[in-house]
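Engineer: sequence first, predicted coordinates after that:
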There are 2 protein chains.
Amino acid sequence: MSTLQVPSSVPSASEDCEQLKKAFQGWGTNEDLIISILAHRNAAQRKRIRETYAETYKEDLLKALDKELTSDFERIVMVWTLDPAERDALLANESTKKWTASNQVIMEIACTRSSHELFLVRQAYHARFKRSIEEDVAHHTTGDFRKILVLLVSSYRYEGPEVNLTLAKHEAKILHEKIKDKAYNDEEIVRILTTRSKAQLNATFNHYKDAFGNAINKDLKTDPKNEFLALLRGTVKCLTFPQKYFEKLLRLTINKMGTDEWALTRVVTTRAEVDMQQIKEEYQRRNSVPLDHAISKDTHGDYEAMLLALIGHGKS
Amino acid sequence: MSTLQVPSSVPSASEDCEQLKKAFQGWGTNEDLIISILAHRNAAQRKRIRETYAETYKEDLLKALDKELTSDFERIVMVWTLDPAERDALLANESTKKWTASNQVIMEIACTRSSHELFLVRQAYHARFKRSIEEDVAHHTTGDFRKILVLLVSSYRYEGPEVNLTLAKHEAKILHEKIKDKAYNDEEIVRILTTRSKAQLNATFNHYKDAFGNAINKDLKTDPKNEFLALLRGTVKCLTFPQKYFEKLLRLTINKMGTDEWALTRVVTTRAEVDMQQIKEEYQRRNSVPLDHAISKDTHGDYEAMLLALIGHGKS
């Protein structure tokens, strides 16, 4: 469930554009006005606003925002305003760059979006970067990480509810044997995780736990410092219970010495319209404190206000 | 260029359906009538005919054809009548089955279709087989073949004309070094072949030839019996000059002791609406005999008539 709060009567895109233009004019920028508009419009409405703004003022709204805003607030408004597929393409691209490289973010985008959404990301990546996402991921990774990440971003998983229980048992056994032998990078583990449908994998992991005693992610935690194991655990979690994955990510992000704004902005902007409500519930359950309190404690100013607006602060 | 001959004035889909129904009725089937309709309608028209037939007679046209026709003629009419993406999904699926497994066909579909066409095949595969194409390909292959084939069928290559010449030189050098060391299954070879755009790869292969003397496919021919090398050569050819690939395939198919109807039907039905004109020209150039003569010599009856209709027999 989304935490986005869209007013029952939404102004027309031209009215919104007029107000945004007003917010940019005069001495200083009216950040509150910008938040009151953009943080309360859904993806289709924001898209219409960008189109209307370009037609009316002959300027890209994102460019205008770039000129007016700064720092973390600028980034969250820009990232949020993007179309979801374009946003993911941008985040994925940043994750293949030298200084912002993140195998985890690439996995997260590949595993928590629907098959069709992931395809739209690949299309948006072509349009924006004139290359394919798998091309950049492959070029910026090596070895086992490349092996699994390229397959994850290229996947187009079946999404039907059908589950083959015989297959689930068979593949749970394969996974258990390979993990027991510490053959974590075995091609069978990679094949199963990168090609099977989420419903099928869920059945496989359930059988794994029933038959072998531990949850698969527990067996994948033999060495907390092994980054490849961490990536495998993240993959399992993103494919089966993404809200739990995002809860943990928020927890680590906020509890760090110095909040990781790059991650915080990413999680809030990419999940607000999807399942932020469940992520908030997970957060409260796990930390005994509401997510908005935790965010308020760790951030401030316009950035804080934008985050709170997106996670539906004030809404029960 | 297509070799399909569609009459300048095409009957309505209902008229076509009426005629098809007529062809099925009475003593025996009127194969000529079936050919005169289905072999002279493009994909959109055939789709409309299938829809209209189902609405009018409450029966799937393909089921009706299945009841009326037999043997190679049945197969070519059925395969041809399918929507291109559905047809490729079917061919790919057959290529992962025990008795009809063919790594080459999987590669051919992955490398000679456009990125968007390949995506449509993946969608059609979901709809028809309730699994993903990469899932079945991965499940039915192992080792080096799996490594490259899963990436090929999952690719969504960039299709713009942009070429990075520095990158082309750099990657030509990588390819040359790996091939020189006989490290044919090296992950860098796989990465380059499975992720780069066709325009970029063309530049890379051109540079390879200029800098190192041989065409890359010549250097990949050290062991004619090595099937993985054959797959790599096929990949290079399909990505850069598919008409030449298909010409050779037709040549081998027809010259074999006993024509390989499975391959002949596949090439003719999948290329008739795409580039069969250029394939015919390549065939004539390489064999000094027109393709339709060669086909006539090796096939007969309704199957022959259908093949000739699809390759535009009689049209210059």
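Structural biologist: Sure thing, it's come through.
Engineer: the residue of chain A found nearest chain B - nearest residue in space that isn't next to it in sequence?
Structural biologist: Proximity of chain A to chain B (CB to the nearest CB) peaks at A:Ser154, 3.6 Å away. (C-beta placed from N, C-alpha, C; glycine too.) With sequence-adjacent residues excluded and distances taken as CB to CB, 6 or more residues apart in numbering or on different chains, A:Ser154 is closest to B:Ser154, at 3.6 Å.
Engineer: so that neighbour sits right up against A:Tyr156, yeah?
Structural biologist: Yes - counting by CB atoms under 8 Å, A:Tyr156 is a contact partner of B:Ser154 at 7.1 Å.
Engineer: anything in contact with each of these two?
Structural biologist: Here B:Ser154 and A:Tyr156 share the contacting residues B:Glu134, scored by CB atoms under 8 Å, 6 or more residues apart in numbering or on different chains.
Engineer: more neighbours: those two, which one.
Structural biologist: B:Ser154 (26 against 23; other CB atoms under 10 Å in any protein chain shown).
Engineer: can you pull the residues of chain A lying near chain B?
Structural biologist: Where chain A comes near chain B, counting by CB under 8 Å from any CB of the partner chain, the residues are A:119, A:122-123, A:126, A:130-135, A:138-139, A:142-143, A:146-147, A:150-151, A:154-160, A:162, A:187, A:191, A:194-197.
Engineer: in helices only, show me those.
Structural biologist: Using DSSP state H, the members of the residues of chain A next to chain B that fall in helices are A:119, A:122-123, A:126, A:133-135, A:138-139, A:143, A:146-147, A:150-151, A:154, A:187, A:191, A:194-195.
Engineer: residues contacting A:Ala127?
Structural biologist: Here A:Ala127 is in contact with no residues (criterion: CB under 8 Å, 6+ apart).
Engineer: sorry, back to before: pretty sure the residue of chain A closest to chain B contacts B:Ser155?
Structural biologist: Yes - A:Ser154 is within contact range of B:Ser155, at 6.6 Å (criterion: CB under 8 Å).
Engineer: quick one: common contacting residues for the two?
Structural biologist: Shared contacts of A:Ser154 and B:Ser155 (CB under 8 Å, 6+ apart): A:Glu134.
Engineer: from A:Leu308, how far out is A:Leu252?
Structural biologist: 20 Å (CB to CB, to the nearest Å).
Engineer: now A:Cys111
Structural biologist: For A:Cys111, the distance to A:Leu308 - CB to CB - is 28 Å.
Engineer: so the two - more neighbours on which side?
Structural biologist: Remark: of A:Cys111 and A:Leu308, A:Cys111 carries more neighbours, 24 against 19, as counted by other CB under 10 Å.
Engineer: could you give the number of residues near A:Arg266?
Structural biologist: A:Arg266 sits with 26 neighbouring residues when counted by other CB under 10 Å.
Engineer: what about the nearest residue to it once chain neighbours are set aside, which helix or strand?
Structural biologist: Excluding the flanking residues, the one nearest A:Arg266 by CB to CB, 6+ apart is A:Leu91, at 6.1 Å. Per DSSP states H and E: A:Leu91 is located in helix A:84-94.
Engineer: could you give the mean pLDDT of that helix?
Structural biologist: Mean pLDDT, helix A:84-94: 97.
Engineer: which other helices and strands does the helix or strand following that helix contact?
Structural biologist: For helix A:84-94, the succeeding helix or strand toward the C-terminus, using DSSP H and E, is helix A:103-112. Secondary-structure packing of helix A:103-112 (3 or more CB pairs under 8 Å, 6 or more residues apart in numbering or on different chains; DSSP states H and E): helix A:84-94, helix A:115-129, helix A:143-154, helix A:227-240, helix A:242-255.
Engineer: dump helix A:103-112 to CSV, restricted to CA.
Structural biologist: Below are the C-alpha coordinates for helix A:103-112, written out as CSV (Å, rounded to 0.1, in the frame of the first residue of the first chain):
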residue,chain,number,x,y,z
ASN,A,103,25.8,-4.3,-6.1
GLN,A,104,23.1,-4.3,-3.6
VAL,A,105,21.1,-1.5,-5.3
ILE,A,106,21.3,-3.2,-8.6
MET,A,107,20.0,-6.4,-7.0
GLU,A,108,17.3,-4.5,-5.2
ILE,A,109,16.0,-2.9,-8.4
ALA,A,110,16.1,-6.2,-10.2
CYS,A,111,14.4,-8.2,-7.5
THR,A,112,11.7,-5.9,-6.0
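Engineer: list the contacts of that helix.
Structural biologist: A:88, A:91-92, A:94-96, A:118, A:121, A:137, A:141, A:145, A:148-149, A:152-153, A:155, A:227, A:230-231, A:234-235, A:238-239, A:242, A:245-246, A:266.
Engineer: buried ones among those?
Structural biologist: A:88, A:91-92, A:95-96, A:118, A:121, A:137, A:141, A:145, A:148-149, A:152-153, A:155, A:230-231, A:234-235, A:238-239, A:242, A:245-246, A:266 (16 or more other CB atoms under 10 Å in any protein chain shown).
Engineer: pLDDT of stretch A:41-52, averaged?
Structural biologist: Here stretch A:41-52 scores 97 as its mean pLDDT.
Engineer: next, the angle helix A:143-154 makes with the helix holding A:Leu91.
Structural biologist: 170 degrees (axes from the mean of the first three to the mean of the last three CA atoms, to 10 degrees).
Engineer: quick one: low-confidence parts of chain A?
Structural biologist: A:314-316 (pLDDT under 70).
Engineer: change it to 50
Structural biologist: Residues of chain A meeting the criterion pLDDT under 50: A:316.
Engineer: what about A:Ser36, neighbour count?
Structural biologist: 15.
Engineer: and A:Ala309, by the same measure?
Structural biologist: Neighbours of A:Ala309 (other CB under 10 Å): 21.
Engineer: shouldn't it be in contact with A:His40?
Structural biologist: Yes - assessed by CB under 8 Å, A:Ala309 is found in contact with A:His40 at 7.0 Å.
Engineer: anything in contact with each of those two?
Structural biologist: A:Gln5.
Engineer: about what we covered before: do you know how far the residue nearest to A:Arg266 is from A:Ala168?
Structural biologist: Distance, A:Leu91 to A:Ala168, by CB to CB: 32 Å.
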